[in-house]
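Chemist: Kindly generate the corresponding structure for this input.
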Amino acid sequence: MEAAARLLAESNGAAITTRSICDLAGVQAPTLYHHFGDKQGLLDAVVTYGFEQYLRSKRAHVPSADPIDDIAAGWDRHVAFALENPAFYAVMYGQVTPGKRPAAAADAEALLLSLLTRAAGHGRLAVAPEVAASVILAANVGVALALITTPPEQRDLAVADRTRDAVLAYVVRPTSANSNGAEDAVAVSAIALHAALSDDSPAVLQPNELALLKDWLRRLSR
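Modeler: Residues are numbered from 1 along each chain as shown. Next up is the predicted model:
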């Protein structure tokens, strides 16, 4: 796997062969097939391993007092990882199977959703955490892929910052001076209560009652 990781990192997006992997690792092809099934199985394992290094740094991050700052910092780390590991990232997000989400990506999404749920609990979100997560992830991945496919001398890294700020302006609750009064207050309160119920469901409610309450809260948050 280390041999494949090295070749992938040095490939600059070019395809790597089973033979080159085996030659660098000093093994025969049957060994590769025994452990990983085929070359794609090995590449999947390598990319997952590489992305796990990124996830480890995210998990080690100590939350600040402001969950929105943490979300912005997570965006920046995502872009930095893509720029530092373009070959890994291109396979992770650029060579995907339609309808199939990579496991490592799902783990990253879960971490993002936990941050957003915390922000919602503080009354900071203007949309539901799940909606915010999908918007942030789509924009974050899109920006990262756009940057790594642009020649280094032509990259405008400020695009990542501008896109981040635009996305956060959409998902974060506006200041009271720019809000729409009672309507915004109801939506934000509904989002916050829904987030709280996701973490700690009250025993006084039956499952069907809780499901109905969450449905009402989702509708109020739109």
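
Chemist: And for the closest residue in space to residue 144 that isn't next to it in sequence, the neighbour number?
Modeler: Spatial nearest neighbour of residue 144, excluding adjacent residues (Cβ to Cβ, 6 or more residues apart in numbering): residue 82 at 3.7 Å. Backbone N, C-alpha and C define where each C-beta goes, glycine included. Number of residues near residue 82 (other Cβ atoms under 10 Å) recorded here: 24.

Chemist: Next: residue 49.
Modeler: 15.

Chemist: And residue 134, by the same measure?
Modeler: By other Cβ under 10 Å, the residues close to residue 134 number 15.

Chemist: And the next helix or strand past the longest helix along the chain?
Modeler: When the chain is parsed with DSSP state H, its longest helix is helix 39-60. Later in the chain than helix 39-60, the nearest helix or strand by DSSP states H and E is helix 67-84.

Chemist: Show me which residues of that next one are buried.
Modeler: 67-68, 70-75, 78-79, 81-83 (16 or more other Cβ atoms under 10 Å).

Chemist: what's the answer for stretch 119-138, then?
Modeler: Applying 16+ other Cβ under 10 Å to stretch 119-138 flags 119-121, 124-129, 131-133, 136-137 as buried.

Chemist: first vs last residue of that stretch, how far apart are they?
Modeler: Stretch 119-138 has an end-to-end distance of 19 Å (criterion: Cα to Cα, to the nearest Å).

Chemist: Repeat that for stretch 90-107.
Modeler: Terminal residues of stretch 90-107 are spaced 18 Å apart (Cα to Cα).

Chemist: coming back round to it: got the angle for the longest helix of the chain vs helix 67-84?
Modeler: 140 degrees (axes from the mean of the first three to the mean of the last three Cα atoms, to 10 degrees).

Chemist: Which strands or helices does helix 39-60 pack on?
Modeler: Applying 3 or more Cβ pairs under 8 Å, 6 or more residues apart in numbering; DSSP states H and E, one finds that helix 39-60 contacts helix 2-10, helix 18-25, helix 29-36, helix 67-84, helix 86-89, helix 103-121.

Chemist: go with 6 Å
Modeler: When contacts are defined as 3 or more Cβ pairs under 6 Å, 6 or more residues apart in numbering; DSSP states H and E, helix 39-60 sits against helix 2-10, helix 103-121.
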